[in-house]
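*Asks:* From the sequence below, what's the structure:
(one chain, ligands or ions: 2)
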Amino acid sequence: MLLPPPSSAVISAAPPIARSSSLPCHLLPTPQYHPVASKCLINCAASVTTPRVCGLKIWILKKLRKNIKRHGWEPKPRMLEVRDSLDETTSDSQVRESSPPSTQPVLQTDLESSIESSLSSAYGNSVGRGSSLCIAVIGATGELARNKVFPALFALYYSGFLPENVGIFGYSRKDLSDEDLRNIIAATLTCRVDHHENCGDKMDAFLHRTYHINGGFNNNDGMRKLNRRMEQIEGHLEANRIFYLSVPQEALLDVSVSLADNSQTKRGWNRVIIEKPFGFDAFSSYKLTQSLLSKFQETQLYRIDHLLGKDLIENITVLRFSNLVFEPLWSRTYIKNVQVILSEECGVEGQGRYFSQYGIIRDIVHSHILQTIALFAMEPPVSLDGEDIRNEKVKVLRSIRKLDLGDVVLGQYKDSTDKNSNFMNSLTPTFFAAALYIDNARWDGVPFLIKTGVGLIKHRVEIRIQFRHVPGNLYRERIGHNIDLTTNELILRDQPEEAILLKVNNKVPGLGLQLDASELNLLYRDKYNVEMPDSYEHLLLDVIDGDNHLFMRSDELEAAWSILTPILDQIEENKVVPELYQIGGRGPVGAYYLGAKHGVRWADD
Ligand SMILES: NC(=O)C1=CN([C@@H]2O[C@H](COP(=O)(O)OP(=O)(O)OC[C@H]3O[C@@H](n4cnc5c(N)ncnc54)[C@H](OP(=O)(O)O)[C@@H]3O)[C@@H](O)[C@H]2O)C=CC1
Ligand SMILES: O=C1O[C@H](COP(=O)(O)O)[C@@H](O)[C@H](O)[C@H]1O
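*Replies:* Numbering: from 1, shown residues only. Ligands and ions are numbered 1, 2, ... in the order given. Now for the predicted structure:
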């Protein structure tokens, strides 16, 4: 379906959202325990005023259990031990679990005094008690690094999830001293309010282990420098390294090749975190992947999409595979449709450069929504091992039917106050809705309706599963005309507040027999009185653990592009004009027609 030319049709007349910061909402420091949260309150209106509390304790316990199982260590404070990884490292002397205590780090004579002094105090009594972990944030002066990556690393350190002998390195082309970098990142570090003991001391200790590397304009030289400084930290210890590539896409290849050649350790594993977007289309992504795979093993690569680090995502599999009551219903036999919704109130200010080139399909659908569907729809994996889960996800992605342009709705918000968004003179979509079908035995004929957009009325992130009607329902005469109102529905929600809801029909108390459609609510706020870890924390910890199930493997990446590239090409060839919608509204009316076409009533906003 070719969409009509831009119209000014407005469904809701909600007032425009006031915005003051140039940072995109998700890069603002996590609200609630940081003074800068007020910025986000202005930016994101109601979404961040909702307290974000949920299962941190459970999460910690889960990690604890997993770690004890995997590594045999306890996390507070923990010494990282190295898993036996056959294909993950360039190591010529593989590091084994339970390695004997190592020797004291040897400091080279040309060490800068700042490192020497921080090393001796940072290592303290723990010298030689295990393998070291160096984490390098490449692009340390960027927005993402400052606002999300360093704070997440500190939160892990603060909660005892990093080994004692960890070294944090910021790498950029700027001429900064260690102290300069410490001052920059200190501004965004926060402590959890639910266990804020010794916050200042821990912050000092963390900053003390943080160093800046001025990579200069030749990344080969820069990476050699990084390698030397990491070796100074590591001494003769067994050493593991994580490189977080938080650099613009155009720098990604040069940086990764340089690091592959010059700064991998040979005495432990090396893992590389790559930020999205993972290419621009199937071809560019393929080329990028080939280049990466010529330098790294597949198992070294962690393609990060922070939205996948939310509890909602882990809960898809937990709910399904740890409860008898859901898995038997998880198929076309009982499920009528599935809706995956990710709408944001914020516009795209502050990420104009990135967004105007990529648009919402590449930004959100390619990774986040397709991964959500893959995890939701996959067959039970052999185990919770990352590769077993990835094996199942990729089958789902390969089974998704070619998208029809008639089953796609594009939108673009209009906001006369947003001077920064250069996408407004382009056809870049800020809203996307589509109907997907998975052509396999489990899901044949079940529409998966997806809807995602920015500048909408409400921040909403949820998966809604609508079940079929009860056959031969004995109560049909008491249900009334609108049978949809009594549809059983399971809702897995991240925003506006974390919850699992199940809509059931029950009897209204009292005489007579009247049915009521009610909700069984699990509100995390009521059940778990703990603070929510940021999703970057969750995913960084997974990388440290070598758990890759939430990171796309190259074949998944390819399959996801195979779904989207043809439709992206058609949109471009046909110059499909997005339907305009008012900022703060409900999005294009076309999405409602799309729902109706596939027999789906979108849940109310
Ligand atoms: N910000 C966002 O909203 C999101 C960002 N991402 C991705 O994260 C990555 C980083 O984003 P963001 O922090 O916003 O970007 P910024 O432009 O704010 O920061 C980029 C960083 O990369 C460094 N850098 C730039 N070019 C090179 C180079 N050739 N070699 C080495 N370092 C270089 C810069 O260092 P220097 O000080 O030397 O200039 C700077 O520290 C990008 O890939 C982006 O696509 C993904 C999702 C959301
Ligand atoms: O990755 C991205 O996510 C943010 C939304 O993140 P959240 O943590 O605030 O839910 C989105 O705004 C951005 O466009 C996208 O790149």
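*Asks:* Spell out, range by range, the strands that occur in the stretch 501-605 of the chain.
*Replies:* Assigned by DSSP state E, counting those that start in this stretch, the strands in the stretch 501-605 of the chain fall at 515-523, 579-582.
*Asks:* Of those, which is nearest ligand 1?
*Replies:* The closest approach between ligand 1 and any of the strands of the stretch 501-605 of the chain, judged by C-beta to the nearest ligand atom, belongs to strand 579-582 at 22.1 Å. C-betas here are computed from N, CA, C, even on glycine.
*Asks:* strand partners of that closest one, parallel vs antiparallel please.
*Replies:* Using DSSP bridges, the strands paired with strand 579-582 are strand 408-414 (parallel).
*Asks:* Name the next helix or strand downstream of the helix or strand that Leu207 is a member of, please.
*Replies:* When secondary structure is defined by DSSP states H and E, Leu207 falls within helix 199-208. Scanning the chain past helix 199-208 towards its C-terminal end, the next helix or strand to appear is strand 210-214 (assignment: DSSP H and E).
*Asks:* Show me where the stretch 201-350 of the chain dips below the pLDDT cut-off.
*Replies:* Across the stretch 201-350 of the chain, residues meeting the criterion (pLDDT under 70) sit at 349-350.
*Asks:* switch the cut-off to 90
*Replies:* Within the stretch 201-350 of the chain, the segments meeting pLDDT under 90 span 233, 235-237, 277, 346-350.
*Asks:* Please apply the same query to the stretch 351-500 of the chain.
*Replies:* Within the stretch 351-500 of the chain, the stretches falling below the threshold (pLDDT under 90) are 351-358, 414-426, 472-486.
*Asks:* which residue sits closest to the residue in the chain that ligand 1 sits nearest to in space, ignoring its chain neighbours?
*Replies:* Using C-beta to the nearest ligand atom, the single residue of the chain nearest to ligand 1 is Gly142, 2.2 Å away. Leaving out its chain neighbours, the residue that sits closest to Gly142 by C-beta to C-beta, 6 or more residues apart in numbering is Ser246, at 5.5 Å.
*Asks:* What is the neighbour count of the one you found?
*Replies:* When counting by other C-beta atoms under 10 Å, one arrives at 26 neighbours for Ser246.
*Asks:* got a list of what it touches?
*Replies:* Remark: with contacts taken as C-beta atoms under 8 Å, 6 or more residues apart in numbering, Ser246 is in contact with Val137, Ile138, Gly139, Ala140, Gly142, Leu144, Ala145, Val149, Glu275.
*Asks:* Quick check: the third one touching Gln249?
*Replies:* Put plainly, it is Gly139. No. Counting by C-beta atoms under 8 Å, Gly139 sits too far from Gln249 to count as a contact (11.2 Å).
*Asks:* more neighbours, the two?
*Replies:* The neighbour count for Gly139 versus Gln249, taken as other C-beta under 10 Å, is higher for Gly139 (24 against 18).
*Asks:* List the backbone torsions phi and psi for the more buried one.
*Replies:* For Gly139, the backbone dihedrals (degrees, to the nearest 10) come out as phi 100, psi 40.
*Asks:* Tell me the spacing between it and Lys174.
*Replies:* 11 Å (C-beta to C-beta, to the nearest Å).
*Asks:* got the residues of this structure near ligand 1?
*Replies:* Taking C-beta under 6 Å from any ligand atom as the criterion, the neighbours of ligand 1 within the chain are 24, 27, 139-145, 172-174, 215, 219, 246-249, 251, 254-255, 275-276, 351, 354.
*Asks:* Nearest residue to the middle of the protein?
*Replies:* Most central residue of the chain, judged by C-alpha distance to the mean C-alpha position with C-alpha atoms, centre = their mean, is His306 at 1.7 Å.
*Asks:* where do the strands sit along the stretch 101-250 of the chain?
*Replies:* Here the stretch 101-250 of the chain has its strands, by DSSP E, counting those that start in this stretch, at 132-138, 166-172, 210-214, 239-245.
*Asks:* Now the residue in the stretch 101-250 of the chain that ligand 2 sits nearest to: closest residue in space, sequence neighbours ignored.
*Replies:* Closest residue of the stretch 101-250 of the chain to ligand 2, C-beta to the nearest ligand atom: Lys148 (8.7 Å). Sequence neighbours aside, Tyr536 is the residue nearest to Lys148 in space, at 5.0 Å (criterion: C-beta to C-beta, 6+ apart).
*Asks:* hang on, isn't that neighbour packed against Val149?
*Replies:* Yes. Counting by C-beta under 8 Å, Tyr536 does reach Val149; the two are 6.4 Å apart.
*Asks:* Quick check on the contacts of Ser246: which are buried?
*Replies:* Buried members of these, counted by 16 or more other C-beta atoms under 10 Å: Val137, Ile138, Gly139, Ala140, Gly142, Leu144, Ala145, Val149, Glu275.
*Asks:* Pull the most distant pair out of those residues.
*Replies:* The largest separation in the buried ones among the contacts of Ser246, counting by C-beta to C-beta, is between Ala140 and Glu275 at 13.4 Å.
*Asks:* so of the strands of the stretch 501-605 of the chain, which one's packed in deepest?
*Replies:* A comparison of those by mean neighbour count, using mean count of other C-beta atoms under 10 Å, puts strand 579-582 on top with a mean of 23.
*Asks:* give me the number of residues near the residue of the stretch 501-605 of the chain found nearest ligand 2?
*Replies:* For the stretch 501-605 of the chain and ligand 2, the shortest gap (C-beta to the nearest ligand atom) falls at Ser535, measuring 6.5 Å. Applying the criterion other C-beta under 10 Å, we find 24 residues in the vicinity of Ser535.
*Asks:* Also Leu293?
*Replies:* 13.
*Asks:* Relative to Ser554, how far out is it?
*Replies:* Between Leu293 and Ser554 the distance, using C-beta to C-beta, works out to 7 Å.
*Asks:* what does Lys507 give?
*Replies:* 53 Å.
*Asks:* Compare these two (neighbour count), which wins?
*Replies:* For Lys507 versus Ser554, neighbours defined as other C-beta under 10 Å are more numerous around Ser554 (20 against 13).
*Asks:* from what I can see the more buried one touches Thr299, true?
*Replies:* No. Using C-beta under 8 Å, Ser554 is not in contact with Thr299, being 10.7 Å away.
*Asks:* Is any residue of stretch 246-254 near ligand 2?
*Replies:* No. Judged by C-beta under 6 Å from any ligand atom, stretch 246-254 makes no contact with ligand 2; its nearest approach is 12.6 Å.
*Asks:* and that stretch, how far from the chain's centre?
*Replies:* For stretch 246-254, the separation from the chain centroid amounts to 19 Å (computed by C-alpha atoms, centre = their mean, to the nearest Å).
*Asks:* what comes up buried for that stretch?
*Replies:* The neighbour-count check on stretch 246-254 (16+ other C-beta under 10 Å) flags Ser246, Val247, Gln249, Leu252 as buried.
*Asks:* Identify the residues contacting the second one.
*Replies:* Residues touching Val247, when contacts are defined by C-beta under 8 Å, 6+ apart, comprise Ile138, Gly139, Gly142, Val255, Glu275.
*Asks:* buried set for stretch 370-381?
*Replies:* Residues of stretch 370-381 classed as buried: Leu370, Gln371, Thr372, Ile373, Ala374, Leu375, Phe376, Ala377, Met378, Pro381 (neighbour count, 16+ other C-beta under 10 Å).
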